[in-house]
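Asker: What shape does this take:
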Amino acid sequence: MSSDSIFDGKDLSKLLALLEGNQAADGIAHANHIWKEIMEEQNSSLDSLKDVYDDSTVQNVKRTHERSKNMLHALQILARSLEEKTVTFEHRMARAGLKSGIGILPFEIIPEILAGTTPTLKEALELSQVNSQFRRAMLSSPLIWASYDLHTRMGSEQIASLANRSGTRSLTASIFSKRGIEDWNKRVDLIFSLSMRLKKLVIEDLDNSSASLIQINHSKVHMPILEDLSIGYRGYFQFGKLYASWSFENIKRLQVTDFVPNLVFGKHLSFCHLKFTLSFPVGCLVRFLAGLTSLKTLKIELVDIEEDMDMDDDGDASLENSAITCYQLHVIGLTWISFAERVLDAIHPPNLVEMTLSIVYPSRVDFETDYSASSRRKDLLAPVRQISTLKILNLQFQGPDSKYELVFSTILLRMPHGLESIRLEAPGHILDMYWMDYMGDYEAEAPRIRTLRFRNCDGMKCSFLEKVRKDLFDDGVQIERFEVIGCPLVGEEELRASFPTMEVVWVA
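Answerer: Model (predicted):
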C-alpha cells in the first residue's frame, strides 16, 4: 500500500458528506461528527501499518496523513466560513427585500400599521425606527397618538404631549388612585379638560380620598361622544353622587360599582354591567332598566350584601324590557339568598336567548344559620321557566355542605320547551343527579335539548348520562353533544364508548 492510497473511496465519500453536511441546517454539527469519525478510522489504520511495513514507509505515511489532516481541517474552516457568509448574505438580502417592500408602501398606510400592530406607545416608537418614512409618520399622524390610552400613571407632560399630537381625534383615558403620585390632581385635570374628545373613560381602583377629589373638582362634566364608561372603587364612596351631574349623550357600554339609576345614560346603552356591594331598591333599578330600549346584555353582580332591607316603593316590580337577550346574575360571597331571589324574581327579561345564574359562597358561610328553611325550599329557578325564548342556560353553584339542593331532573324537565343547551357546574352536595324512572308520568314536555355540559359535577356517573339520553330519545329529543369537564367519576374512554355516534368533549 502506497502512502498516496491511505484515503480510499469510502474516505472520499465521507469527505464529500462532510462538505454536503455544511449545506444543511445542522451543517456544523454534522461536519464535526464526520471529522471525528474519519480521524478515528485513519489513526486506527496507521497503527495497523507497523505490522506490515518498515519504519521509513510508516513515517512517510504519517507525514502524508498529517498533511491530509491539515487539508481536512482547512476544508472544515472553509466550509464553516462559507456557511456563515451564506447566512449573512441571505440575511442581508432578506433585510434588503423587506426594506424595499416597506419603501414602496403608500405613506397613508404606515400610520395604520403603527397604530394597529403596537399595543403600547413605546413599541410604536421602536417600530418607527425602521426608516425615515415610518419616523415621519410617527411624528405627523394624529391617528397613531390617539390610539394609545391617556392615564394618570403617565407624567402630566406626557399626557399633554400625547393629547396635542392626537389632534382632534377621539381619545380613551384611565384614572387610577392617587397613591404615590404627587401631581395626581394636575393629571386628572388634564384628562377632564379633554372631556369633549373622550370616547372611553375608565375610573378604577379609587380610594375614598381620590373619589372625593374628583367629585369636588369635576362635579359637572360634559362628555358628548363618550361610548364606554367604567367606574370601580375600593371603599364606601357612593359614586352615584359623582356622576349625578355629568352629562352623556351617547353611552353604549356601562360598568359601575354600586350603581345609582340615572337617566343621563340615555337610550343608546347596549351593554350594562352593574356590581352591587350594598342593598338597593330593586324596583327603582327595574324602572331604570325598563327604559333602556337598546339594551342587549345585562350583567348584575351581588357581592357580600349581608342585609335585605326593604327599600322598595314597588316590591312587585317586574322587568318587561323585551330588548335584552343575554342576562347574567352572579351572587357572590355573603349575599343573603333572599335578596338574590328578590332580584331574580323582579329581573328576568321576557325575550332572553341566553342566561347565566351563578351562586358562589365562601366556605365560612353557615347555611343553617344564615338562611331559613323556607328560603332553601323555594324554587329558585321558577322565574327562569317563564322565559319561553330561552335557548342557552348556564348554572353555576358552589358552596359548603348544606341542604340547599337542586335536582337535575327538576332543572331539565321544567325548563322552557325551546331550550337547546344546559351547562351545569355544581358539586354533588348541591346538585342531586337524580333522574325520574318514568318520564312518561311527567306532565310537561321535555325541552329540545341538543347540548348538555357538566363541569366539576363530582356526583355524576356515565350510567346517569346513558339513562338521560335514552329517556330523552324515547321522548323525541336527540342530544347531539356531551361536554364533561372535571367530573372524576366519568372516564374519557367510558364516555366515548357509551356514546360512539355523538360529539363528545372530555377534559380531566
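
Asker: quick one, strands of the stretch 251-400 of the chain?
Answerer: Secondary structure of the stretch 251-400 of the chain (DSSP state E, counting those that start in this stretch): strands located at 253-257, 271-276, 297-303, 326-332, 354-360, 392-398.

Asker: Tell me which helix or strand comes right after the last one.
Answerer: Moving toward the C-terminus from strand 392-398, the next helix or strand (DSSP states H and E) is strand 406-407.

Asker: can you list the weak-confidence ranges in the chain?
Answerer: 1-58, 60-62, 64-65, 67-104, 234-241, 262-266, 307-316, 362-379, 400-405, 434-444 (pLDDT under 70).

Asker: Regarding it, what is its longest strand?
Answerer: Longest strand in the chain by number of residues, with DSSP state E as the criterion: strand 198-206.

Asker: Next, the buried residues of the helix or strand following it.
Answerer: Following strand 198-206 in sequence order, the next helix or strand is helix 208-217 (DSSP H and E). Residues of helix 208-217 classed as buried: 210-211, 214-215 (neighbour count, 16 or more other CB atoms under 10 Å). Where you see a C-beta, it was placed from the backbone N, CA and C, and this is true even at glycine.

Asker: try stretch 409-428
Answerer: So stretch 409-428, judged by 16+ other CB under 10 Å, has buried residues 409, 411-416, 419, 421-426.

Asker: Let's have the strands of the stretch 251-400 of the chain in a markdown table, adding mean neighbour count.
Answerer: Shown next, in a markdown table, are the strands of the stretch 251-400 of the chain (neighbours: other CB atoms under 10 Å):
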| stretch | mean neighbour count |
| --- | --- |
| strand 253-257 | 20 |
| strand 271-276 | 19 |
| strand 297-303 | 19 |
| strand 326-332 | 19 |
| strand 354-360 | 18 |
| strand 392-398 | 19 |
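
Asker: closest to residue 380 out of those strands?
Answerer: strand 354-360 (8.0 Å; CB to CB).

Asker: so what secondary structure elements neighbour that closest one?
Answerer: strand 326-332, helix 337-346, strand 392-398 (3 or more CB pairs under 8 Å, 6 or more residues apart in numbering; DSSP states H and E).

Asker: Which parts of the stretch 351-500 of the chain are helices?
Answerer: Secondary structure of the stretch 351-500 of the chain by DSSP state H, counting those that start in this stretch: the helices cover 367-370, 373-377, 408-413, 462-474, 492-498.

Asker: Can you tell me which of those helices is packed in deepest?
Answerer: helix 408-413 (a mean of 19; mean count of other CB atoms under 10 Å).

Asker: And the next helix or strand past the helix or strand harbouring residue 159?
Answerer: Using DSSP H and E, residue 159 sits within helix 156-165. Following helix 156-165 in sequence order, the next helix or strand is strand 171-175 (DSSP H and E).

Asker: Give the partner strands of that following strand in its sheet and their orientations.
Answerer: strand 150-151 (parallel), strand 198-206 (parallel) (DSSP bridges).

Asker: Next, residue 134: secondary structure please.
Answerer: helix (DSSP: H, G, I helix; E, B strand; the rest coil).

Asker: Spit out the contact partners of it.
Answerer: By CB atoms under 8 Å, 6 or more residues apart in numbering, the contact list for residue 134 reads 102, 110, 114, 127-128.

Asker: From those, pick the one nearest residue 497.
Answerer: residue 127 (53.7 Å).

Asker: show me what contacts residue 297?
Answerer: Here residue 297 is in contact with 270-272, 324-327 (CB under 8 Å, 6+ apart).

Asker: hmm, 6 Å instead?
Answerer: Applying CB atoms under 6 Å, 6 or more residues apart in numbering, we find residue 297 in contact with 271, 326.

Asker: for the one 3 residues further on, same thing?
Answerer: Taking CB under 6 Å, 6+ apart as the criterion, residue 300 is in contact with 274, 329.

Asker: Kindly provide the distance from it to residue 391.
Answerer: Residue 300 sits 20 Å away from residue 391, going by CB to CB, to the nearest Å.

Asker: same check, this time on residue 173
Answerer: 38 Å.

Asker: higher neighbour count, those two?
Answerer: Taking other CB atoms under 10 Å, residue 173 and residue 391 do not tie; residue 173 has more neighbours (23 against 18).

Asker: Tally up the residues packed near the residue nearest to the more buried one when sequence neighbours are not counted, please.
Answerer: Computed as CB to CB, 6 or more residues apart in numbering, the closest residue to residue 173 that is not its neighbour in sequence is residue 150, at 4.3 Å. Under the neighbour criterion other CB under 10 Å, residue 150 is assigned a count of 23.

Asker: Residue 150: what's it in contact with?
Answerer: 159, 173, 191.

Asker: want to try CSV for these, with distance to residue 335 as columns?
Answerer: Listed next are the contacts of residue 150 as CSV, based on distance: CB to CB, whole Å:
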residue, distance to residue 335
159, 39
173, 33
191, 34
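
Asker: Residue 382: which of the residues you listed is nearest?
Answerer: Nearest member of these to residue 382, counting by CB to CB, is residue 173, at 44.3 Å.

Asker: separation between residue 136 and residue 151?
Answerer: Between residue 136 and residue 151 the computed distance is 27 Å (CB to CB).

Asker: Taking the contacts of residue 134, please make a PyMOL selection of just the buried ones.
Answerer: For the buried members of those, the matching PyMOL selection, counting by 16+ other CB under 10 Å, is:
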select buried, resi 110+114+128
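
Asker: picking that back up, buried ones in the longest strand of the chain?
Answerer: Neighbour-count burial for strand 198-206 [16+ other CB under 10 Å]: 198-204, 206.

Asker: Make sure residue 490 is actually in contact with residue 462.
Answerer: Yes. Residue 490 lies in contact with residue 462 (CB atoms under 6 Å); the separation is 5.0 Å.

Asker: rewinding a little: now distance to residue 242 too, for the helices and strands packed on strand 354-360, in JSON lines please.
Answerer: Output for the helices and strands packed on strand 354-360, formatted as JSON lines (distance: least, CB to CB, whole Å):
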{"stretch": "strand 326-332", "distance to residue 242": "24"}
{"stretch": "helix 337-346", "distance to residue 242": "24"}
{"stretch": "strand 392-398", "distance to residue 242": "33"}
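
Asker: among these, which is nearest residue 254?
Answerer: Here strand 326-332 is closest among the helices and strands packed on strand 354-360 (CB to CB), at 14.5 Å.

Asker: before we move on, back to that, between the strands paired with strand 171-175, which one is closest to residue 225.
Answerer: strand 198-206 (5.7 Å).

Asker: Now render the strands paired with strand 171-175 as CSV, adding distance to residue 457.
Answerer: Formatted as CSV, the strands paired with strand 171-175 follow (distance: least, CB to CB, whole Å):
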stretch, distance to residue 457
strand 150-151, 43
strand 198-206, 36
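
Asker: Going by neighbour count, which residues of stretch 133-153 are buried?
Answerer: 134, 137-138, 141, 143-148, 150-152.

Asker: hey, C-alpha coordinates of it in CSV?
Answerer: Output of stretch 133-153 as CSV, limited to C-alpha atoms (Å, rounded to 0.1, in the frame of the first residue of the first chain):
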residue,chain,number,x,y,z
GLN,A,133,-41.0,57.2,6.3
PHE,A,134,-42.0,55.4,9.5
ARG,A,135,-40.4,58.1,11.6
ARG,A,136,-42.1,60.9,9.7
ALA,A,137,-45.5,59.0,10.0
MET,A,138,-44.9,58.6,13.8
LEU,A,139,-44.3,62.3,14.3
SER,A,140,-47.0,63.7,12.0
SER,A,141,-50.0,61.3,12.3
PRO,A,142,-52.7,62.0,14.9
LEU,A,143,-54.2,58.6,14.3
ILE,A,144,-51.2,56.9,15.9
TRP,A,145,-51.1,59.0,19.1
ALA,A,146,-54.9,58.8,19.5
SER,A,147,-54.8,55.0,19.6
TYR,A,148,-53.0,54.9,23.0
ASP,A,149,-54.6,55.5,26.4
LEU,A,150,-54.1,58.6,28.5
HIS,A,151,-53.8,57.6,32.1
THR,A,152,-52.8,59.1,35.5
ARG,A,153,-49.7,56.8,35.7
